[in-house]
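> Sequence unavailable; structure follows:
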(Lines give C-alpha, C1' and ligand atoms only; values in the text may rest on other atoms or scores of the structure.)
Protein backbone atom coordinates (compact mmCIF):
# COMPACT_ATOMS: atom_id res chain seq x y z
CA UNK A 1 0.00 0.00 0.00
CA UNK A 2 1.34 3.43 -0.97
CA UNK A 3 0.94 5.93 1.84
CA UNK A 4 -1.02 9.10 1.07
CA UNK A 5 1.61 10.92 3.15
CA UNK A 6 5.13 11.94 2.24
CA UNK A 7 7.81 12.80 4.80
CA UNK A 8 9.95 15.92 4.84
CA UNK A 9 13.06 13.94 3.94
CA UNK A 10 11.31 12.17 1.06
CA UNK A 11 10.04 15.46 -0.34
CA UNK A 12 13.44 17.10 0.02
CA UNK A 13 15.00 14.24 -1.94
CA UNK A 14 12.28 14.33 -4.61
CA UNK A 15 12.72 18.07 -5.11
CA UNK A 16 16.38 17.41 -5.93
CA UNK A 17 15.48 14.68 -8.40
CA UNK A 18 15.18 14.74 -12.17
CA UNK A 19 11.38 15.11 -12.12
CA UNK A 20 10.46 17.01 -8.97
CA UNK A 21 6.80 17.05 -7.95
CA UNK A 22 4.60 20.10 -8.13
CA UNK A 23 4.11 21.46 -4.61
CA UNK A 24 0.90 23.27 -3.62
CA UNK A 25 0.34 25.19 -0.40
CA UNK A 26 -3.36 24.99 0.49
CA UNK A 27 -3.24 27.08 3.67
CA UNK A 28 -6.49 28.78 4.60
CA UNK A 29 -7.62 30.13 7.99
CA UNK A 30 -11.11 29.23 9.24
CA UNK A 31 -11.65 30.75 12.66
CA UNK A 32 -13.29 28.87 15.52
CA UNK A 33 -16.87 30.03 16.08
CA UNK A 34 -17.34 32.13 19.22
CA UNK A 35 -21.13 32.33 18.83
CA UNK A 36 -23.73 30.53 16.73
CA UNK A 37 -23.52 31.57 13.10
CA UNK A 38 -19.99 32.96 13.52
CA UNK A 39 -18.31 32.20 10.18
CA UNK A 40 -14.97 33.92 9.55
CA UNK A 41 -12.41 32.88 6.98
CA UNK A 42 -9.11 34.41 5.86
CA UNK A 43 -6.83 33.66 2.94
CA UNK A 44 -3.71 31.72 3.78
CA UNK A 45 -1.70 33.58 1.17
CA UNK A 46 -0.09 35.97 3.72
CA UNK A 47 1.24 32.92 5.53
CA UNK A 48 2.68 31.59 2.28
CA UNK A 49 4.30 34.95 1.54
CA UNK A 50 5.90 34.92 4.99
CA UNK A 51 7.52 31.58 4.27
CA UNK A 52 6.99 28.58 2.02
CA UNK A 53 8.63 25.53 0.50
CA UNK A 54 10.81 26.66 -2.43
CA UNK A 55 8.97 26.40 -5.72
CA UNK A 56 5.58 25.90 -4.10
CA UNK A 57 2.47 27.71 -5.25
CA UNK A 58 -0.27 28.92 -2.94
CA UNK A 59 -3.81 27.95 -3.93
CA UNK A 60 -7.11 29.06 -2.42
CA UNK A 61 -9.23 25.93 -2.03
CA UNK A 62 -12.38 27.98 -1.44
CA UNK A 63 -11.96 29.92 -4.69
CA UNK A 64 -9.84 27.84 -7.05
CA UNK A 65 -10.99 24.35 -6.11
CA UNK A 66 -14.64 24.86 -5.16
CA UNK A 67 -17.77 25.54 -7.18
CA UNK A 68 -18.16 29.25 -6.46
CA UNK A 69 -21.63 29.28 -8.04
CA UNK A 70 -22.93 27.03 -5.24
CA UNK A 71 -24.70 28.58 -2.22
CA UNK A 72 -22.47 26.38 -0.03
CA UNK A 73 -18.88 27.27 0.72
CA UNK A 74 -16.87 24.30 -0.56
CA UNK A 75 -18.98 22.38 -3.02
CA UNK A 76 -16.65 20.32 -5.19
CA UNK A 77 -16.25 21.44 -8.80
CA UNK A 78 -16.56 19.09 -11.74
CA UNK A 79 -13.48 16.99 -12.59
CA UNK A 80 -12.68 19.02 -15.69
CA UNK A 81 -12.73 22.27 -13.71
CA UNK A 82 -10.16 20.81 -11.31
CA UNK A 83 -7.96 19.71 -14.21
CA UNK A 84 -8.27 23.10 -15.89
CA UNK A 85 -7.12 24.84 -12.71
CA UNK A 86 -4.17 22.48 -12.43
CA UNK A 87 -3.22 23.21 -16.04
CA UNK A 88 -3.27 26.94 -15.26
CA UNK A 89 -0.84 26.15 -12.46
CA UNK A 90 1.49 24.41 -14.90
CA UNK A 91 0.59 20.87 -13.81
CA UNK A 92 0.21 18.25 -16.52
CA UNK A 93 -1.83 15.06 -16.48
CA UNK A 94 0.11 12.45 -14.55
CA UNK A 95 2.42 14.89 -12.77
CA UNK A 96 3.24 14.03 -9.17
CA UNK A 97 1.77 16.57 -6.75
CA UNK A 98 2.54 17.19 -3.07
CA UNK A 99 0.12 19.31 -1.05
CA UNK A 100 0.69 20.86 2.36
CA UNK A 101 -0.54 23.70 4.53
CA UNK A 102 0.45 25.64 7.62
CA UNK A 103 -2.99 25.41 9.22
CA UNK A 104 -3.36 21.86 10.55
CA UNK A 105 -3.42 19.69 7.39
CA UNK A 106 -7.21 19.86 6.91
CA UNK A 107 -6.99 22.05 3.80
CA UNK A 108 -4.19 19.97 2.36
CA UNK A 109 -6.39 16.92 2.95
CA UNK A 110 -9.29 18.53 1.09
CA UNK A 111 -7.12 19.33 -1.92
CA UNK A 112 -5.64 15.82 -1.82
CA UNK A 113 -9.17 14.37 -1.85
CA UNK A 114 -10.16 16.44 -4.87
CA UNK A 115 -6.99 15.62 -6.81
CA UNK A 116 -7.08 11.90 -6.16
CA UNK A 117 -10.77 11.89 -7.12
CA UNK A 118 -9.69 12.64 -10.68
CA UNK A 119 -6.68 10.34 -10.62
CA UNK A 120 -3.91 12.85 -9.89
CA UNK A 121 -1.02 11.12 -8.05
CA UNK A 122 -1.05 13.38 -4.99
CA UNK A 123 0.34 13.02 -1.48
CA UNK A 124 0.20 15.16 1.67
CA UNK A 125 3.30 16.39 3.48
CA UNK A 126 3.25 14.81 6.94
CA UNK A 127 3.48 17.59 9.50
CA UNK A 128 2.94 20.33 6.94
CA UNK A 129 5.02 23.46 6.72
CA UNK A 130 5.94 23.33 10.42
CA UNK A 131 7.64 19.97 9.88
CA UNK A 132 9.52 21.35 6.86
CA UNK A 133 10.86 24.20 8.97
CA UNK A 134 11.62 21.90 11.91
CA UNK A 135 13.60 19.71 9.51
CA UNK A 136 15.81 22.72 8.74
CA UNK A 137 14.92 22.64 5.09
CA UNK A 138 15.29 25.76 2.90
CA UNK A 139 12.41 28.20 2.63
CA UNK A 140 11.45 31.07 0.36
CA UNK A 141 9.59 34.25 1.21
CA UNK A 142 7.63 36.75 -0.83
CA UNK A 143 6.19 36.55 -4.31
CA UNK A 144 7.46 34.15 -6.92
CA UNK A 145 7.00 34.22 -10.71
CA UNK A 146 3.55 33.16 -11.88
CA UNK A 147 3.49 29.56 -13.13
CA UNK A 148 3.57 28.93 -16.85
CA UNK A 149 0.26 27.35 -17.84
CA UNK A 150 0.23 24.09 -19.78
CA UNK A 151 -2.34 22.93 -22.34
CA UNK A 152 -5.65 21.79 -20.89
CA UNK A 153 -6.01 18.05 -20.46
CA UNK A 154 -9.12 15.88 -20.11
CA UNK A 155 -10.20 14.61 -16.71
CA UNK A 156 -12.88 12.35 -15.29
CA UNK A 157 -13.64 10.94 -11.87
CA UNK A 158 -11.85 7.66 -11.16
CA UNK A 159 -14.00 6.64 -8.20
CA UNK A 160 -17.17 7.50 -6.30
CA UNK A 161 -16.33 10.23 -3.81
CA UNK A 162 -19.50 12.03 -2.74
CA UNK A 163 -22.71 11.23 -0.88
CA UNK A 164 -25.72 13.52 -1.28
CA UNK A 165 -28.11 14.92 1.31
CA UNK A 166 -30.93 12.94 -0.26
CA UNK A 167 -29.01 9.70 0.09
CA UNK A 168 -28.51 10.36 3.79
CA UNK A 169 -32.15 11.38 4.25
CA UNK A 170 -33.21 8.07 2.71
CA UNK A 171 -30.57 6.03 4.53
CA UNK A 172 -32.20 3.03 6.18
CA UNK A 173 -32.03 2.62 9.95
CA UNK A 174 -30.31 -0.75 9.52
CA UNK A 175 -27.69 0.55 7.05
CA UNK A 176 -24.43 -0.93 8.35
CA UNK A 177 -22.19 1.64 6.68
CA UNK A 178 -20.72 3.92 9.38
CA UNK A 179 -21.59 7.61 9.17
CA UNK A 180 -18.68 9.50 10.75
CA UNK A 181 -18.59 13.15 11.78
CA UNK A 182 -15.08 14.59 11.70
CA UNK A 183 -15.76 17.68 13.83
CA UNK A 184 -14.39 18.15 17.36
CA UNK A 185 -16.40 16.55 20.15
CA UNK A 186 -17.90 19.86 21.32
CA UNK A 187 -19.31 20.52 17.87
CA UNK A 188 -20.65 16.97 17.58
CA UNK A 189 -22.45 17.08 20.93
CA UNK A 190 -23.66 20.65 20.45
CA UNK A 191 -21.94 22.07 23.51
CA UNK A 192 -19.76 24.44 21.47
CA UNK A 193 -21.00 27.30 19.25
CA UNK A 194 -21.65 26.36 15.63
CA UNK A 195 -20.83 28.23 12.43
CA UNK A 196 -24.08 26.89 11.02
CA UNK A 197 -27.83 27.29 11.48
CA UNK A 198 -28.31 24.74 14.27
CA UNK A 199 -26.19 22.73 16.69
CA UNK A 200 -25.86 18.97 16.83
CA UNK A 201 -25.07 16.00 14.61
CA UNK A 202 -26.87 13.88 12.04
CA UNK A 203 -28.79 11.08 13.79
CA UNK A 204 -27.04 7.73 13.65
CA UNK A 205 -23.58 9.23 13.17
CA UNK A 206 -20.52 8.70 15.34
CA UNK A 207 -17.69 11.08 16.13
CA UNK A 208 -14.03 10.70 15.13
CA UNK A 209 -12.55 14.18 15.38
CA UNK A 210 -10.12 14.60 12.49
CA UNK A 211 -7.94 16.95 14.55
CA UNK A 212 -7.39 14.21 17.13
CA UNK A 213 -5.88 12.03 14.41
CA UNK A 214 -2.79 14.25 14.32
CA UNK A 215 -0.25 14.95 17.04
CA UNK A 216 0.18 18.37 18.64
CA UNK A 217 2.99 19.14 16.18
CA UNK A 218 0.86 18.17 13.17
CA UNK A 219 2.12 14.70 12.30
CA UNK A 220 -0.33 11.93 11.51
CA UNK A 221 -0.67 9.47 14.37
CA UNK A 222 0.57 5.91 14.13
CA UNK A 223 -1.37 3.23 12.31
CA UNK A 224 -2.30 1.59 15.62
CA UNK A 225 -3.56 4.90 17.05
CA UNK A 226 -5.63 5.61 13.95
CA UNK A 227 -7.24 2.19 13.97
CA UNK A 228 -7.97 2.53 17.69
CA UNK A 229 -9.58 5.96 17.21
CA UNK A 230 -12.02 4.58 14.65
CA UNK A 231 -12.57 1.32 16.52
CA UNK A 232 -13.43 3.22 19.71
CA UNK A 233 -16.18 5.01 17.79
CA UNK A 234 -17.51 1.69 16.55
CA UNK A 235 -16.01 1.90 13.06
CA UNK A 236 -14.34 -1.40 12.19
CA UNK A 237 -11.85 -0.46 9.51
CA UNK A 238 -11.01 -4.05 8.63
CA UNK A 239 -11.56 -4.32 4.90
CA UNK A 240 -13.96 -7.24 5.23
CA UNK A 241 -16.05 -5.65 7.97
CA UNK A 242 -16.85 -2.19 6.61
CA UNK A 243 -17.87 -2.02 2.95
CA UNK A 244 -17.92 1.79 2.89
CA UNK A 245 -17.47 4.68 5.31
CA UNK A 246 -19.57 7.83 4.89
CA UNK A 247 -18.02 11.05 6.17
CA UNK A 248 -19.26 14.54 7.00
CA UNK A 249 -18.31 17.56 9.09
CA UNK A 250 -19.26 21.23 8.82
CA UNK A 251 -18.46 21.83 5.16
CA UNK A 252 -16.54 18.83 3.83
CA UNK A 253 -13.07 19.90 5.00
CA UNK A 254 -12.48 18.05 8.28
CA UNK A 255 -14.12 15.01 6.67
CA UNK A 256 -11.36 15.04 4.04
CA UNK A 257 -8.80 14.61 6.84
CA UNK A 258 -10.80 11.59 7.98
CA UNK A 259 -10.61 10.24 4.43
CA UNK A 260 -6.86 10.89 4.38
CA UNK A 261 -6.22 9.05 7.63
CA UNK A 262 -8.48 6.19 6.60
CA UNK A 263 -6.48 5.87 3.38
CA UNK A 264 -3.31 5.75 5.50
CA UNK A 265 -4.60 2.55 7.15
CA UNK A 266 -5.87 1.06 3.90
CA UNK A 267 -9.55 2.05 3.97
CA UNK A 268 -10.27 3.77 0.66
CA UNK A 269 -13.98 3.00 0.19
CA UNK A 270 -15.14 6.34 1.56
CA UNK A 271 -17.46 9.10 0.42
CA UNK A 272 -17.88 12.63 1.76
CA UNK A 273 -21.16 14.47 2.24
CA UNK A 274 -20.01 17.71 0.66
CA UNK A 275 -22.81 19.90 2.01
CA UNK A 276 -22.32 18.49 5.51
CA UNK A 277 -23.85 20.46 8.41
CA UNK A 278 -23.88 23.71 6.46
CA UNK A 279 -26.51 22.22 4.16
CA UNK A 280 -28.18 19.85 6.64
CA UNK A 281 -28.78 22.43 9.40
CA UNK A 282 -30.21 24.93 6.92
CA UNK A 283 -33.15 22.60 6.28
CA UNK A 284 -35.41 22.80 9.38
CA UNK A 285 -37.19 19.60 8.37
CA UNK A 286 -34.06 17.53 8.91
CA UNK A 287 -33.37 16.14 12.40
CA UNK A 288 -30.32 16.78 14.55
CA UNK A 289 -29.24 15.14 17.77
CA UNK A 290 -27.44 16.70 20.73
CA UNK A 291 -25.13 14.93 23.12
CA UNK A 292 -23.02 11.82 22.66
CA UNK A 293 -23.72 9.23 19.98
CA UNK A 294 -26.25 6.62 21.04
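Great, that's in hand. Keep in mind the model is a prediction, meaning the values are calculated, not measured.
> can we go C-alpha only for contacts and neighbour counts from here?
Noted.
> Could you name the specific helix or strand carrying the nearest residue to residue 29 once chain neighbours are set aside?
In space, and not counting its chain neighbours, residue 29 is closest to residue 42: 5.0 Å by C-alpha to C-alpha, 6 or more residues apart in numbering. Using DSSP states H and E, residue 42 sits within strand 41-43.
> From residue 138, how far out is the most centrally placed residue in the chain?
Taking C-alpha atoms, centre = their mean, the centroid of the chain lies closest to residue 110, which sits 2.6 Å from it. Taking C-alpha to C-alpha, to the nearest Å as the measure, residue 110 falls 26 Å from residue 138.
> Repeat that for residue 28.
22 Å.
> ditto for residue 119
In terms of C-alpha to C-alpha, residue 119 sits 30 Å off from residue 138.
> cool, and residue 182?
From residue 182 to residue 138 the distance is 34 Å (C-alpha to C-alpha).
> Retrieve the pLDDT associated with the nearest residue to residue 258 once chain neighbours are set aside.
Computed as C-alpha to C-alpha, 6+ apart, the closest residue to residue 258 that is not its neighbour in sequence is residue 210, at 5.5 Å. pLDDT recorded at residue 210 is 98.
> got it, and residue 153?
Note on residue 153: pLDDT of 98.
> Check the one 10 residues further on too.
With respect to pLDDT, residue 163 has a value of 97.
> before we move on, what about residue 2?
84.
> Strands of this protein, start to end?
For the chain, the strands defined by DSSP state E cover 5-6, 22-25, 28-30, 41-43, 57-58, 97-100, 122-125, 162-163, 179-181, 206-207, 245-248, 270-273.
> quick one, which of these is nearest to residue 255?
strand 245-248 (5.2 Å; C-alpha to C-alpha).
> any weak-confidence spans in this protein?
1, 239-242 (pLDDT under 70).
> mind listing the helices for it?
Listed from the start of the chain, the chain has helices (DSSP state H) covering 8-15, 45-50, 61-64, 79-88, 106-117, 128-134, 165-169, 185-189, 223-232, 254-264, 276-280.
> Determine the set of other helices and strands touching the third one.
Right, helix 61-64. Under the contact criterion of 3 or more C-alpha pairs under 8 Å, 6 or more residues apart in numbering; DSSP states H and E, helix 61-64 touches no helix or strand at all.
> Of all the residues in that helix, which ones are buried?
61-62 (16 or more other C-alpha atoms under 10 Å).
> what sits up against it?
Here helix 61-64 makes contact (C-alpha atoms under 8 Å, 6 or more residues apart in numbering) with 26, 28, 68, 73-74, 85, 107, 111.
> Please repeat the previous calculation with a cut-off of 10 Å.
For helix 61-64, contacts defined as C-alpha atoms under 10 Å, 6 or more residues apart in numbering pick out 25-28, 41, 43-44, 67-68, 73-77, 81-82, 85-86, 107-108, 110-111, 114.
> what do you get for the first one?
Outside helix 8-15, the residues that touch it by C-alpha under 10 Å, 6+ apart are 7, 17, 20-23, 53-55, 98, 125-129, 131-138.
> Which members of these are classed as buried?
The neighbour count (16+ other C-alpha under 10 Å) marks 7, 20-23, 53, 55, 98, 125-129, 131-133 as buried among those.
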